Structure formats: C-alpha cells, structure tokens
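Q: Okay, structure incoming, though there's no sequence with it:
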C-alpha cells in the first residue's frame, strides 16, 4: 500500500472516532435500522442526555448491583410487520427477544412486563392469538409476565399492535460479560445458521413474489447460554444476540468496544442454502440480516473447542460454528477472509440493507 | 448453492491467479477498467485484488447507474414526489442519493410518499391499487433495466392505466465508454465489459473499441471467478497481440443480445439529444426519454419540472473517480466529509459505487492483515 493511501486510511480512522453527531433534522427509517445511524442517534441523543456508568456500556441490558446479588435489566419494543410470520409472531418475538437480552448479560430471566399499543380496529381475535403465543413463549422460557399496560390509539396512528417488554433476570455466576471484554487470541462462535429471521420476514411481506421454505429462528436462548457458561466458567468474554444489523453489526460493536480486530472466515459461517439464495437474489449480505434466536459468543481461544461442544450439546446450538478469531490489529475493524481467498472489511451497516438494482 | 458456489471456489481462484501472473510480462503494468458497478462490487466484496499480481490494476468505470445521476434530476424527482397526490416509487439504491436539496429519504421523512420497489411492475401495481393518486416510477439504469421499464409502460398502455408515469433517466453504456476512451487523462490496456447490459445489447456494439481504439474487451459475469477469468482472457489477448471483443459470460450473454428487449426499448423510448452525467458532463445521444406516442406516461410532460442544473459540490471528485482517473481514496473528501452515512457524491451511495465499495469492503490492504490464523478451520472439521 502506498504511503498516500495509508495516510487517507488513518484520516478515516480519526474521523470514525469523532463524537457522533445527528445531522438530520428529522428521524428517517435509517435511524431504526440498527446500523450506524441508530448508533449515532443512541450516542448523540440518548446517551448524551441520560449518561451514567450503567448505560454507558451500551450492552444488551444493564447489570444492576442489588445488595449482594446482581440483576440484569433490559427493555425492547416490537413493531414487526407482518405480525404473524412463518416460525412465529410478534408475541413470541417480544418474549424471546427480551429473554435473550437478559441471557446475553449472563442472567437467568425471571420476570417480564408487557406494554401494548393497539390501533383502533385491531381484531380482538388477533390480539388473543398474539397473547396466547406470548404466554406459551413465557412458559417455555421459564419467565412470568407480572405487570403490563395497554393503550389504544386512533386508527392510522399505529400499525395494528406494538409491544414493549421489559425483563429482569438474576445473574448467578461471577464475572461480567461485555462487548468490551474481547482480547486478541479469543475465538468467535455463532450458535447456529444466521439470517433466517430477517429473510423470513422479508418473504412474509410478500413484496418479492419469492417463495422459499424459510421460517424465523425466534427462540429463547437462556438455556443454551447457561450450558455454555457452565462449561467455560470465567472464559466467556462476550455474548450478543445478532438481532437488527445481524452478526456483522454485533461484531463491529465488539471490535470497537474492545479495541480489537475480529477476523471472520466466510466459509465457516453457517447460513442455510435457502437464506443464501434469497440474499443473493435481493443483493443482501446474510451477515447483516437479523436473527432472533442466534447469538455470537467470544470466548478464550484456548477453550474454543469446549465452547463449540457445549453449544452443540443443546438443540438450539446443534449447528453452532467457530467463525473467526480476535486479533490485536487493525484496531476496531471486522475483517472477512472470503471463500475465494481474499480479505475485506465488514463495515457497520448504513441504513437499511438496500438491494442492488442490476 | 448451485450457480454460485462453483464460481467462488478458492482452488480455481488460485489456479486462475497463477495463470494471470504467468501471463504478465515482467516489469509491464496493466490497467483494465471494469465498466460496470456490479463488477466493482464483486471485486471488493470478495477481496479479489488479493488474487491479482502487482502488475495488474483494476480501474473502476462509470457503470453504476445511481452514481451517474446528476443532482438536478434528483431535485426534479423530489419536486414530483412532493406533490400531494403523488406516490413516488424508486429502487432502494436511490433513496440516499443527495440532490441539491436533500435525498428521497429526507423528503420521505418530511412527508412525501416515496416507496421502494424492486421492479417497475410493482410501481404499476401500486398505481392500480391507488386510482386517486398519481404514481411515478423513477426509472434509472443502463440497458439492463430499460427493457423492464419499457415493458411496464407497454402494459400500462394496454391496460389503460391513466395514473402512472415514468420519470425516465435511463442511460446508455456505449456513449459513456466512448467518453472514457476520448478522455485524455486515462491510460487503459483493456476493458472488462458489462455482463447484464450485454445480455440486452449483445457484444457487437463494442466492436469499435477493439477496431478504432485498439483496446480488447471481455464481457464478464459477476461472480469472482468470472472476473478473474476475464482478466486472464484480456492478458491472453495482449500476450498474443490480439485485440478483440470476447464473451466470458456466454452462459447468460447471447452474442446478438436480446432483440425482444431492444425492440421494447425502441418502441417506448427515444434518444435524447444530450444528457448530463454526474461527473462526466453532457454526453450526446447518451440517454433515453419517453417517446412521443407514450407522452401520457412521461413524468417530464405530466409534471411541470424546475429542471434546474445543480453543479456538483466543489469538494466532490466523483467525476474523476467515475472516469477512473482517481482511485476512490484519492478524492479529497473520501472517508472524512464523504462517507456512506453522509455521502457528498453519488459514488459513496450505491453499493456499486466505487467509493462505497472501497469504503465498506476495501479499506484495508495486505500489510495490515493480522498474523493470527482464524480458527474457522476447526468448525469445518
């Protein structure tokens, strides 16, 4: 590489480290995509106003010291469209999503709240169906929904049904999991084939006229996580469920927070053929497509195989894989060794995944 | 996955890379332009340059339809979209393209009804579902997408849909290549020809490039091995002192193109006397407008457009990047003022733009690669 090019790259790294600023005057859909614009919004608006040490880690949930015990606390809103899709619906998604955020803090999920925003005219039968699947998901995850709230807004002011769930869990094991804990030499694992949820939703919207047997991967992950944490006491650094923005976004957060590089091996990343096919057709990269029942684990490299065995011992981790490693340099970047033998950067997503047009 | 995996095989890539290296004359430099943005995307997405010897450099060309849209046309489209009874429809790539007064995404946040579609037929469907609204399709692209726009207009006419029109920004690849060839500041040894465009226009229109300009051209597919193979073929021509148009992508591209698609374009559209290309300026006979017979479907006639020409921001060097004179990172604002989230120039917007591709995928080269061997091998065992 020429000296000039290196200088430019250094200048970009400095620009990347600058304090995030929201330049837009209005919220655009990009602010909700989970990618760069979301990060900027969170850091420049929310973190700026609410700043405190618990929030500043920007992990999936907060870890609260409560006397001698520790609790994990998290909240998430669900606005998925369509409400019902192959493999699940907004109800089990709302329970599993919050259960998973607690699990990523290393907690045993215990109690959930549920807030509903309903649109005037929403069929009660649909609400019953959503609530029934929430109840089933809660039972399956061993959590109770212990408080809630309901609001109804005028027709056209919401899209059927929005749900917010908040969860509390108990952290029973010592140590703290954090996106900032990855170290050079660590191994990166994923708990199963990626991208199924996002692909299922895209197809369920029916905009593409594509039919493929893809169902959402929505599932509660606390059990498979517990198995991993028990198998590798003190050796698990980071857990993240790969929701909006997918595996690529999660690993970028880890690379930045830990000041390391994450090197992925494309050929090792599990993606179901149908999901690959849909992504190829639509010009999307499965690395950026959302999962709702998959997580990324960063563990001590010496225990990579035991971590893999522990994940594969659980049905939800049966297709887990080691997908890469953590290195010291280049700092704060995710790299991909492509199947064809090249190397490239895996950037944080900008806006919604936009398909190529030709 | 079939039709994908066999074109991404690392072993075959290494074999081709060895063949490419063997065909390079020591000490000689080769610069090949990949005309099409789809190729640029593939090259960066798969890290293909790692397989090329130092002697071979790839120069990114003007074949990214989003990148060549001038700012004034974006402003015109936003003007149309801002009419209260209009639903504007567009391919997703265009949403973030900045005009002089913001992008579609900004206009949408401010209240305009702008919807992303994957095909002009979807736009026609929206028109039929909303008979009390005027639905406009923002048509962009080379000869690749022009036939689908033309077919949609033919269908709209046949079905008597009256609330549908097309804001036609279709451009043509041959005049752009000619503009590049006539540009004094560029030295090229050959072209990697666009695959999808050629599936429509065929391979014959490129003959003048070999005949009059003495540059070989190989029409290439979009998988990594396609591109390596076409570089190999170009080097073969140079080694054997041949200068021809060859077709590496014969599995998709018929030599004579697609006469049905060409006929549809010819019926619905006409050549514009000239059209402005972002960064390249005005190029004669380089774009298509709706034909007189289909004036009712021509948004330029249905709506009163400001049609103001907006000069590119002075700091933006998209023109030089599009002509291949500058590498993306050589632009003054690359990666600092101009990034994918706050693009100044169009090349930073589309996934096929050279700047976006370089920023997203390529911002890293061999000597920065970490020494650690990834553990991926373990899980495949």
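A: Great, that's in hand. Computed from a predicted model, the values in this text were never measured in an experiment. Numbers count the residues shown, from 1 in each chain, chains lettered A, B, ... in the order given.
Q: if you skip the residues just before and after it, what's nearest to whatever residue of chain A ends up closest to chain B?
A: Per C-beta to the nearest C-beta, residue A:342 is where chain A lies closest to chain B, at 2.1 Å. For glycine as for every other residue, the C-beta is placed from the backbone atoms N, C-alpha and C. In this structure, residue A:342 finds its nearest non-sequential neighbour in residue B:47, 2.1 Å apart by C-beta to C-beta, 6 or more residues apart in numbering or on different chains.
Q: ok, now which ones touch the residue of chain A closest to chain B?
A: Counting by C-beta atoms under 8 Å, 6 or more residues apart in numbering or on different chains, residue A:342 makes contact with B:46-51, B:224.
Q: can you list the weak-confidence ranges in chain A?
A: A:1-2, A:351-358 (pLDDT under 70).
Q: now the strands for it?
A: A:62-66, A:69-78, A:84-85, A:88-89, A:108-119, A:144-153, A:161-171, A:187-190, A:236-241, A:261-265, A:295-299, A:321-327, A:333-337, A:343-345 (DSSP state E).
Q: Columns mean neighbour count on top of these, output as a markdown table?
A: Formatted as a markdown table, the strands of chain A follow (neighbours: other C-beta atoms under 10 Å in any protein chain shown):
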| stretch | mean neighbour count |
| --- | --- |
| strand A:62-66 | 14 |
| strand A:69-78 | 18 |
| strand A:84-85 | 18 |
| strand A:88-89 | 24 |
| strand A:108-119 | 19 |
| strand A:144-153 | 12 |
| strand A:161-171 | 22 |
| strand A:187-190 | 28 |
| strand A:236-241 | 25 |
| strand A:261-265 | 26 |
| strand A:295-299 | 28 |
| strand A:321-327 | 27 |
| strand A:333-337 | 25 |
| strand A:343-345 | 22 |
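Q: Any chance of the ones you listed in CSV with distance to residue A:102 as columns?
A: Putting these into CSV (distance: least, C-beta to C-beta, whole Å) gives the following:
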stretch, distance to residue A:102
strand A:62-66, 10
strand A:69-78, 5
strand A:84-85, 24
strand A:88-89, 19
strand A:108-119, 4
strand A:144-153, 13
strand A:161-171, 4
strand A:187-190, 20
strand A:236-241, 10
strand A:261-265, 24
strand A:295-299, 12
strand A:321-327, 24
strand A:333-337, 26
strand A:343-345, 32
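Q: Looking at those strands, which is nearest to residue B:134?
A: strand A:108-119 (28.0 Å; C-beta to C-beta).
Q: And the closest one, what does it pack against?
A: In terms of contacts (3 or more C-beta pairs under 8 Å, 6 or more residues apart in numbering or on different chains; DSSP states H and E), strand A:108-119 is packed against helix A:90-104, helix A:124-141, strand A:144-153, strand A:161-171, helix A:222-231.
Q: ok, now with 10 Å
A: Here strand A:108-119 touches strand A:69-78, helix A:90-104, helix A:124-141, strand A:144-153, strand A:161-171, helix A:222-231, going by 3 or more C-beta pairs under 10 Å, 6 or more residues apart in numbering or on different chains; DSSP states H and E.
Q: can you list the ones you listed in a markdown table and add distance to chain B?
A: Converted to a markdown table, those look like this (distance: least, C-beta to the nearest C-beta, whole Å):
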| stretch | distance to chain B |
| --- | --- |
| strand A:69-78 | 20 |
| helix A:90-104 | 21 |
| helix A:124-141 | 23 |
| strand A:144-153 | 19 |
| strand A:161-171 | 20 |
| helix A:222-231 | 15 |
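Q: Can you redo those as CSV, where the extra columns are distance to residue B:65?
A: Compiled in CSV, the helices and strands packed on strand A:108-119 are given as follows (distance: least, C-beta to C-beta, whole Å):
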stretch, distance to residue B:65
strand A:69-78, 36
helix A:90-104, 37
helix A:124-141, 42
strand A:144-153, 41
strand A:161-171, 37
helix A:222-231, 45
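Q: hmm, back to that, of the contacts of residue A:342, grab the buried ones for PyMOL.
A: For the buried members of these, the matching PyMOL selection, counting by 16 or more other C-beta atoms under 10 Å in any protein chain shown, is:
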select buried, chain B and resi 46+47+48+49+50+51+224
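Q: So which of the helices and strands packed on strand A:108-119 is nearest residue B:32?
A: The nearest among these, by C-beta to C-beta, is helix A:90-104 at 47.1 Å.
Q: ok now that closest one, how far from the chain's centre?
A: Relative to the centre of its chain, helix A:90-104 is centred 11 Å away, using C-alpha atoms, centre = their mean, to the nearest Å.
Q: again, but for stretch A:216-224
A: With C-alpha atoms, centre = their mean, you get 12 Å for stretch A:216-224.
Q: how long is it end to end?
A: Distance across stretch A:216-224, first residue to last, is 18 Å (C-alpha to C-alpha, to the nearest Å).
Q: Likewise for stretch A:198-212?
A: Using C-alpha to C-alpha, the two ends of stretch A:198-212 sit 13 Å apart.
Q: and it, anywhere near chain B?
A: Yes. Between stretch A:198-212 and chain B, judged by C-beta under 10 Å from any C-beta of the partner chain, the touching residues are A:207-210.
Q: Give me the buried entries from the residues you listed.
A: residue A:208.
Q: among the strands of chain A, which is nearest residue B:9?
A: Closest approach to residue B:9 among the strands of chain A is made by strand A:333-337 (14.8 Å; C-beta to C-beta).
Q: Report all helices and strands that that closest one contacts.
A: Looks like strand A:333-337 contacts helix A:246-258, strand A:261-265, strand A:321-327, strand A:343-345 (3+ C-beta pairs under 10 Å, 6+ apart).
Q: These into CSV, with extra columns for distance to residue A:271?
A: CSV is the format used below for these (distance: least, C-beta to C-beta, whole Å):
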stretch, distance to residue A:271
helix A:246-258, 10
strand A:261-265, 12
strand A:321-327, 10
strand A:343-345, 17
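Q: My guess is residue A:273 contacts residue A:199. True?
A: No. In this structure, residue A:273 is not within contact of residue A:199 by C-beta atoms under 10 Å, at 11.4 Å.
Q: Settle it for me: which of those two has more neighbours?
A: residue A:199 (30 against 13; other C-beta atoms under 10 Å in any protein chain shown).
Q: ok, now which ones touch the more buried one?
A: A:210, A:212, A:214-217, A:271-272, A:274-279, A:282, A:284, A:286, A:289-291 (C-beta atoms under 10 Å, 6 or more residues apart in numbering or on different chains).
Q: separation between it and residue A:137?
A: Using C-beta to C-beta, to the nearest Å, residue A:199 is found at 21 Å from residue A:137.
Q: now do residue A:184
A: In terms of C-beta to C-beta, residue A:184 sits 38 Å off from residue A:137.
Q: can you map out the strands along the stretch 151-300 of chain B?
A: B:164-170, B:190-193, B:217-219, B:245-247, B:269-271, B:274-277, B:281-284, B:288-290 (DSSP state E, counting those that start in this stretch).
Q: Any residue of the longest one touching chain A?
A: No. When contact is scored as C-beta under 10 Å from any C-beta, no part of strand B:164-170 falls within range of chain A; the minimum is 11.5 Å.
Q: Tell me the bridge partners for residue B:63.
A: residue B:36 (DSSP bridges).
Q: So it sits against residue B:174, correct?
A: No. Judged on C-beta under 10 Å, residue B:63 makes no contact with residue B:174 at a distance of 11.3 Å.
Q: Quick check on those two: which one has the bigger neighbour count.
A: Between residue B:63 and residue B:174, counted using other C-beta under 10 Å, residue B:63 has the larger neighbour count: 29 against 17.
Q: how far away is that one from residue B:57?
A: 18 Å.
Q: Quick check: the residue of the stretch 201-350 of chain B nearest chain A.
A: residue B:335 (3.6 Å).
Q: wait, isn't that residue in contact with residue B:355?
A: Yes. Using C-beta under 10 Å, residue B:335 makes contact with residue B:355 at a distance of 8.4 Å.
Q: Now find how far off-centre stretch A:68-85 is within its chain.
A: Taking mean C-alpha positions (C-alpha atoms, centre = their mean), stretch A:68-85 and its chain are 11 Å apart.
Q: In the stretch 1-150 of chain B, where is pLDDT below threshold?
A: Judged by pLDDT under 70, the stretches of the stretch 1-150 of chain B that qualify are B:1.
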